[in-house]
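Give the three-dimensional model of this entry:
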Amino acid sequence: MSGIVSLRRLLPRLLCIALALSGLGLVPAAVAFAADAASATAATPLARGVPNAATTASAAPSSSAATSSSASAPQAASTVPAASSPVSAAKPPTPTSSPTAAASPSYQSSPQIRYGDSAVFRNLIPSQVLENQAAEEFEQIVHGADHANRLYPNNDVRVQRVRDIANRLIPYSLKWNERAKNWKWEVAVVQSPDIRMYCLPGGKIVVYSGLLDRVRLNNNELGMLIGHEIAHALREHARERLGEQQAAQFTSGSIPQLFGLADLGAAPLGIGSQLLEMKYGRADETEADVMGSEIASRAGYDPRAAVTLWDKLAAATHSNRNGGYIYVHPYSATRRQDIIKRLPDMLPLYAKALGKDVDGSPGYAATDRSRQAAARK
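Have a look, this model is predicted:
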């Protein structure tokens with residue numbers, strides 16, 4: 001019996017190793033090995049089953065269908081307190097200004113996005129493993145905050161605001177990652193002075209109240225920020241960064257840690273808490289800026305708000321070099337200028353969501369004031 005339990009604990013790590021070696025081209029038979037290992041796990045009476053994507057895909061709406069009808073996400077696990085709010089893939093906003101405007105978005109991949117590129121380090125950590133770890137981490141956050149009376153209830157205006165914005169963004173997010181159609185999207189708002197938020201793999205959105213109460217973002221800015229965080233999850237940037245860490249352990253000779261043999265009782269790869277400390281690179285931020293802005297613009301949020309959003313975050317967190325938002329998500333003058341340069345691509349998407357053309361779309365007060373101030377100089 002103990003041998004079966006040890007094998008069950010070891011198999012997720014063996015799967016990670018096999019997939020990684022396959023991606024690196026070192027072991028041609030690694031995929032077959034991974035399949036055999038998965039079969040062995042399924043045949044073990046003690047194995048814990050996970051949803052089969054092949055059997056659940058038929059029940060999930062297609063990305064195009066999700067934009068024309070309500071696609072409800074599965075209910076949250078019963079172990080999560082009710083204050084963590086399930087999010088449904090709501091119908092995109094219907095334009096009211098123009099009856100002839102298209103009701104569903106036209107999905108076109110931006111040439112500025114690395115969409116479709118493969119990253120070999122991602123193979124070190126299978127998506128399902130990371131999503132399972134993220135779900136466990138989210139559950140711990142929710143339970144911990146609830147136990148400390150720091151979890152806002154579902155009827156709190158902060159939770160309702162974040163959930164409503166997420167509901168508008170999700171239908172436009174699904175085309176970027178096939179797995180997202182089966183994610184159990186959830187929102188939790190935690191009482192804390194910290195200026196933080198993140199979307200964990202699998203669609204778990206956590207917002208700290210300091211972001212809402214101290215930075216005072218308007219809805220356009222918050223829509224751009226949530227879209228940015230969702231984009232990180234869709235493009236699996238955390239998976240790639242964690243894979244790089246595992247590869248570094250391999251090259252440094254830390255074989256027991258890489259293979260997970262040092263402590264078989266620990267969670268596979270021990271990556272849960274690392275998700276909360278993730279720092280992204282410049283390429284990750286560029287990709288999330290483009291994709292997140294496109295998602296939010298299609299959902300009816302003004303892309304010009306991305307500029308004022310990051311300026312506000314920079315002003316609020318620049319003094320915290322250890323964990324400040326603009327250091328976790330590096331923000332520079334170059335990145336700011338890149339966001340501005342992409343506005344001509346995003347504004348038509350925003351205008352279409354409003355049922356208008358670009359010239360007829362409303363101005364954005366914050367950027368208009370900046371432009372007027374520059375003109376006076």
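
Next SSE downstream of the helix or strand where I205 lies?
According to DSSP states H and E, I205 maps onto strand 204-208. Toward the C-terminus, strand 204-208 is succeeded by helix 209-214 as the next helix or strand (DSSP H and E).

Quick check: which helices or strands does that next one pack against?
helix 157-169, strand 186-190 (3 or more C-beta pairs under 8 Å, 6 or more residues apart in numbering; DSSP states H and E). The C-beta positions use only the backbone N, C-alpha and C, and glycine is treated the same way.

among those, which is the most enclosed?
strand 186-190 (a mean of 27; mean count of other C-beta atoms under 10 Å).

Tell me the strands beside the very next helix or strand once past it, with direction?
Next along the chain after strand 186-190, taking DSSP H and E as the criterion, comes strand 197-200. Sheet pairing for strand 197-200, assigned by DSSP bridges, gives strand 204-208 (antiparallel).

avg pLDDT for the partner strand?
Strand 204-208 comes out with an average pLDDT of 95.

what angle sits between that strand and helix 157-169?
Calculated by axes from the mean of the first three to the mean of the last three C-alpha atoms, to 10 degrees, strand 204-208 forms an angle of 140 degrees with helix 157-169.

Give me the contact list for strand 204-208.
87, 134-135, 137-138, 141, 158, 162, 166, 185-190, 192-200, 226, 229-230 (C-beta atoms under 8 Å, 6 or more residues apart in numbering).

What segments of the stretch 151-300 of the chain are helices?
Assigned by DSSP state H, counting those that start in this stretch, the helices in the stretch 151-300 of the chain fall at 157-169, 209-214, 219-234, 237-251, 255-259, 282-298.

between those helices, which has the poorest average model confidence?
Per-segment mean pLDDT for those reaches its minimum on helix 255-259, at a mean of 39.

okay, now L174: neighbour count?
Using other C-beta atoms under 10 Å, the number of residues around L174 comes to 26.

I'd say it and W185 touch.
No - contact criterion C-beta atoms under 8 Å: L174 and W185 do not qualify, at 10.5 Å.

Mark out where each domain of this protein begins and ends.
Here the domain parsing of the chain from automatic domain parsing is 1-48, 68-376.

By mean pLDDT, show me the worst of those.
Among the domains of the chain, domain 1-48 scores lowest, with a mean of 45.

Which of the residues in stretch 338-345 are classified as buried?
339, 342-343, 345 (16 or more other C-beta atoms under 10 Å).

Export that stretch to PDB, keeping only CA atoms.
Coordinates of the C-alpha atoms in stretch 338-345 are reproduced here as PDB (Å, rounded to 0.1, in the frame of the first residue of the first chain):
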ATOM      1  CA  ASP A 338       4.400  51.600 -26.400                       C
ATOM      2  CA  ILE A 339       1.000  51.700 -24.800                       C
ATOM      3  CA  ILE A 340       0.300  55.100 -26.400                       C
ATOM      4  CA  LYS A 341       1.500  53.900 -29.800                       C
ATOM      5  CA  ARG A 342      -0.900  51.000 -29.800                       C
ATOM      6  CA  LEU A 343      -4.000  53.200 -29.100                       C
ATOM      7  CA  PRO A 344      -4.800  53.600 -32.800                       C
ATOM      8  CA  ASP A 345      -5.200  49.800 -33.000                       C
END
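
what residues does that stretch touch?
The contact list for stretch 338-345, computed with C-beta under 8 Å, 6+ apart, reads 110, 112, 286, 289-290, 293, 303-304, 306-307, 310.

now do 6 Å
289, 303, 306-307 (C-beta atoms under 6 Å, 6 or more residues apart in numbering).

Let me have those in TSV, adding neighbour count as columns.
Formatted as TSV, the contacts of stretch 338-345 follow (neighbours: other C-beta atoms under 10 Å):
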residue	neighbour count
D289	23
P303	27
A306	28
V307	20
